[in-house]
Each structure stands twice: as C-alpha cells, then as structure tokens.
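Engineer: give me a model of this one.
(2 chains)
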Amino acid sequence: DAGVIQSPRHEVTEMGQEVTLRCKPISGHDYLFWYRQTMMRGLELLIYFNNNVPIDDSGMPEDRFSAKMPNASFSTLKIQPSEPRDSAVYFCASSRDGNYGYTFGSGTRLTVV
Amino acid sequence: EDQVTQSPEALRLQEGESSSLNCSYTVSGLRGLFWYRQDPGKGPEFLFTLYSAGEEKEKERLKATLTKKESFLHITAPKPEDSATYLCAVQTNSGYSTLTFGKGTMLLVSP
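Structural biologist: Presented below is the predicted three-dimensional model:
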C-alpha cells in the first residue's frame, strides 16, 4: 500500500494566486481529512469527508478555501486567492471507519509570498 | 470547547535517560486518546489509542497510560532515533471521527 499520497510536496506562490492541493487516500478508507499545521496553532482540522460527502467544514477559515472529493480516490483543497497568512503545511489523512488512528500523507508545504 | 495541552514543549534527554511526556485534556466526553510521532518533513505516524482510564499500551521503548484527565507517554532508555515530535490527540463523543490535537512535545535524544 502506497499510503496517503499528496501533491505537490512544496508550493511557492504569489499572493492572489490560486493554489490547488491534491490528495489520494488509501483505498478502502471511507474518511478523508484535511488538516493545516503551523507553529503557532499546531494541527487544525479544516474539513472532513465521509464516503465523498463533506461532513464538517467548520474549520475552513474563509470562503477563499474550498474542498472537493469527486470520487473515493481523489480530493482537492483550493485556496483562491491565496494570502501570506495561508503559509503552512497542509496534511491530508484517511481512515477506514473514523474510529481508529488516521494515516497521514507527507503534507504540502505552502509558502505564499 | 475541547482542549488538549502537552508539556513540556521541548525536552532534551541523554541516551538512556528515561522520562515522560504529558498530555492533559478537557473534553465533554472522551471517546479515545491518540498518540502520534512526527519526524521533520513528514506526516504524523500513529502510535497508540487509549480508550479508558487505567489502560496502558506499549511499543518498544514507549508506554502510554491514561487517566481521567491526562495521558503520559513514558520513554524508557531512549535512543537518538526516538528524537521526534510527539503529538497527543483526543476524539470525543460529540466530535465523532475527528481528532483535536495538542501542539506536541519536541523530543531530542543526544548520544
């Protein structure tokens, strides 16, 4: 099993540009989570999906953030327009049934200049 | 609001010097407490889940314990390869399926 796959690993973009982060969960996992990690705030849940349906997006900071899961093997997190305060490491994680420990991807380090 | 506080923020040990990391939590109803290890540039890696007070789990030099208000991660005779950030997270009865994380303890073990 290749684990949770995220792309790109690093993204540097200019303020105002659109950024799209991608995630492929582990096959058979019904839950997918997007987290953001910063030194100040640690790991924060942004949104999660169950069977491709968004369940809780209360952690999405602003309307500039949106997430989709068009099928069981792919999800995107989009920021439009990006701002310097969005700079962080964004993690995707998946879980078989939500009751057990998640499996995290290696993250996307986003820098907005 | 659910809160998870980890201490210390950073810990430096000599190889072989045992110690403990603390995770205190304030939640409405604990469903499970999770420990993760995170290496630089990588995602958190699952270590343990504890479900009830008094429960203990062990893996190599690590042992996790749980009380009604806190959890401890005991590291016995650590080695340099145990150096990492250790994260604690809670899952609650109301926040079904989601984890609320503490900010972590950065552990450095010197040879």
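Engineer: interface residues of chain A facing chain B?
Structural biologist: A:4, A:31, A:33, A:41-45, A:48, A:50, A:55-56, A:91, A:93, A:95, A:98-107 (C-beta under 8 Å from any C-beta of the partner chain). (Each C-beta comes from the backbone N, C-alpha and C, glycine too.)
Engineer: what subset of those residues is buried?
Structural biologist: With burial judged by 16 or more other C-beta atoms under 10 Å in any protein chain shown, the buried subset of the residues of chain A next to chain B is A:4, A:31, A:33, A:42-43, A:45, A:48, A:50, A:55-56, A:91, A:93, A:95, A:98, A:101-107.
Engineer: okay, and which of these map to strands?
Structural biologist: With strands identified by DSSP state E, the entries of those that belong to them are A:31, A:33, A:42-43, A:45, A:48, A:50, A:55-56, A:91, A:93, A:95, A:103-104.
Engineer: so A:Thr20 sits in a strand?
Structural biologist: Yes. In this structure, A:Thr20 lies within a strand as judged by DSSP: H, G, I helix; E, B strand; the rest coil.
Engineer: around chain A, which positions in chain B sit nearby?
Structural biologist: Looking at chain A, the residues of chain B close enough under C-beta under 8 Å from any C-beta are B:32, B:34, B:36, B:41-46, B:49, B:87, B:89, B:96-104.
Engineer: now the residue at minimal distance from the centre of chain A, nearest residue through space, not along the chain?
Structural biologist: The centre of chain A sits closest to A:Trp34, judged by C-alpha atoms, centre = their mean, with a distance of 3.4 Å. In space, and not counting its chain neighbours, A:Trp34 is closest to A:Leu46: 4.4 Å by C-beta to C-beta, 6 or more residues apart in numbering or on different chains.
Engineer: that neighbour against A:Tyr35, yeah?
Structural biologist: Yes. With contact taken as C-beta atoms under 8 Å, A:Leu46 and A:Tyr35 are classed as touching, separated by 6.4 Å.
Engineer: more neighbours: these two, which one.
Structural biologist: More neighbours surround A:Tyr35 than the other of A:Leu46 and A:Tyr35, with 27 against 20 (other C-beta atoms under 10 Å in any protein chain shown).
Engineer: the more buried one touches A:Tyr48, doesn't it?
Structural biologist: No. Here A:Tyr35 lies out of contact with A:Tyr48, judged by C-beta under 8 Å, at a distance of 9.2 Å.
Engineer: pLDDT weak spots in chain A?
Structural biologist: Within chain A, the ranges that satisfy pLDDT under 70 run A:1, A:98-99.
Engineer: re earlier: relative to chain B, how far out is the residue nearest to the centre of chain A?
Structural biologist: Distance of A:Trp34 to chain B, given as C-beta to the nearest C-beta, to the nearest Å: 11 Å.
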